[in-house]
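*Asks:* give me coordinates for this.
(one chain, ligands or ions: 2)
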Amino acid sequence: MTLLALETSCDETSAAVVRAGRVLANAVSSQIKLHAEYGGVVPELATREHLRNLMPVADAALNEAGVAPAELDAVAATQGPGLPSALMVGSKAAQAMAFVLRKPFVGIHHHEAHLYSPWISGDPLTADFDSIQPNVSLIVSGGHTMLVHVQAGLEHQLLGSTVDDAAGECFDKVAKLIGLSYPGGPALEKLAEGANASAFELPRPMLRDANDDFSFSGLKTSVRYLLRDHPEILEDRPRLRDLAASAQAAIVDVLATKTVRAAKRLGVGCVTASGGVTCNRMLREALAAACKKNALRLRLAEKSLCTDNAAMIGILAERKLMLRRPSTDPDADIIPNWPLDRVA
Ligand code: KG4
Ligand code: ZN
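*Replies:* Ligands and ions are numbered 1, 2, ... in the order given. Just a heads-up that it's a prediction; the model follows:
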């Protein structure tokens, strides 16, 4: 089976071609530079950029894969959740393509695709659904932080999520407070390299709570008050680096501890992680150390698949068709606030 998949839920325009669990092409056009000027994603600008870039990106993916539109067996797209007008661009384009080709359209839940992205690896990137075992999956991006219990047969149950800021949002906001530009996560990681992560005692919100939810706005507020009371830190590069390292450690500590704790409680033997923040080296190392200590297997999404991409959308769509799940109504609407537990 050969599929074209489109992803336009936020600020990445992506198109991928997949066949028999393999990613033949995964083209991504990031809008990071465009939004950096505004310190965050501006939905109206994102949509215009998707409209401008989608067809060239889809063409690039088809060319790289050496696949002609007539060879496609289905067209998939992210149907939700995400920015409404941005979702509309990819979803409606995919439906139109499917209509013209007289092939099925598959609407995919963005986070469900993230859940399976850690199982796509190698060169060429290939999905390994056969080795999936029940796991606890951490999804950490700029918009979402959630823990999901993934069972056999594409079954999953949401365990908890953030009650306020997402982990990536916290990285971005703390980075902004210490004078770094958007997106702050990678910049903060770079600044923190080699610095003292225990120099500042910052809160680990909800770390000890007996649930799988997260909260990060208090951590950001602590950093704000600290800098209000000690503005001299902003002029002291070594102290600023220590503050960046301390904030990073606090976020990573909460994420890794709560993820592994949920896995132990549920008795699963495996942990996975995906989403933009999974690019963070300290998080990757903290999860690896905690999993090793608790004899848990760990699958981290490849760095190229941590951020939003159409490859994960296409891989999951093909899997669903192979499992004889019904395709999506060709004129189905986008679902901007689609809860993960409402996936058919
Ligand atoms: O998944 P993603 O590309 O987009 C969505 O939010 O959907 O994630 C972007 C988020 C941003 O908040 C960014 O600062 C964060 O992921 N991020 C990182 C790193 N790379 C990206 N945070 C910490 N360390 C990183 N290396
Ligand atoms: Zn995402």
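*Asks:* from ligand 1, how far out is the residue in the stretch 51-200 of the chain positioned nearest to ligand 2?
*Replies:* Nearest residue of the stretch 51-200 of the chain to ligand 2: Ser141, at 4.6 Å (C-beta to the ion). To be clear about C-beta, it is placed using only N, CA and C from the backbone, and glycine gets the same treatment. Ser141 sits 3 Å away from ligand 1, taking C-beta to the nearest ligand atom, to the nearest Å as the criterion.
*Asks:* torsion angles phi and psi at that residue?
*Replies:* Ser141 has phi and psi values of phi -140, psi -170 when expressed as degrees, to the nearest 10.
*Asks:* and it, what pLDDT?
*Replies:* At Ser141, the model reports a pLDDT of 94.
*Asks:* contact partners for it?
*Replies:* His114, Ala166, Ala167, Gly168, Gly275, Gly276, Val277, Thr307, Asp308 (C-beta atoms under 8 Å, 6 or more residues apart in numbering).
*Asks:* name the nearest residue to the fifth one, ignoring sequence neighbours.
*Replies:* Counting by C-beta to C-beta, 6 or more residues apart in numbering, the nearest residue to Gly275 once its immediate chain neighbours are dropped is Ser141, at 3.7 Å.
*Asks:* now do the second one
*Replies:* With C-beta to C-beta, 6+ apart as the criterion, Ala166 has its nearest non-adjacent residue at 4.6 Å, and that residue is Thr145.
*Asks:* check the last one too.
*Replies:* By the measure of C-beta to C-beta, 6+ apart, the closest residue to Asp308 outside its immediate chain neighbours is Glu12, 4.2 Å from it.
*Asks:* wait, the one you found touches Asn26, no?
*Replies:* No: judged on C-beta atoms under 8 Å, Glu12 makes no contact with Asn26 at a distance of 11.0 Å.
*Asks:* of the two, who's got more company?
*Replies:* A direct count of neighbours by other C-beta atoms under 10 Å for Glu12 and Asn26 places Asn26 higher, at 26 against 23.
*Asks:* so that one touches Leu6, yeah?
*Replies:* No: using C-beta under 8 Å as the test, Asn26 is too far from Leu6 to be in contact (11.7 Å).
*Asks:* common neighbours of the two, please.
*Replies:* Joint contacts of Asn26 and Leu6 (C-beta under 8 Å, 6+ apart) are Ser14, Ala310.
*Asks:* can I assume Ala16 sits in a helix?
*Replies:* No: in this structure, Ala16 is strand, not part of a helix, as judged by DSSP: H, G, I helix; E, B strand; the rest coil.
*Asks:* out of everything not next to it in sequence, what's closest to it?
*Replies:* By the measure of C-beta to C-beta, 6+ apart, the closest residue to Ala16 outside its immediate chain neighbours is Ala310, 3.8 Å from it.
*Asks:* how many other residues sit next to the closest residue to Ser327 other than its chain neighbours?
*Replies:* Spatial nearest neighbour of Ser327, excluding adjacent residues (C-beta to C-beta, 6+ apart): Pro104 at 3.5 Å. Pro104 has 17 neighbouring residues, counting by other C-beta under 10 Å.
*Asks:* next up, the contacts around Pro104.
*Replies:* Contacts for Pro104 (C-beta under 8 Å, 6+ apart) come out as Asp73, Ala74, Val75, Ala98, Leu321, Ser327, Thr328, Pro330.
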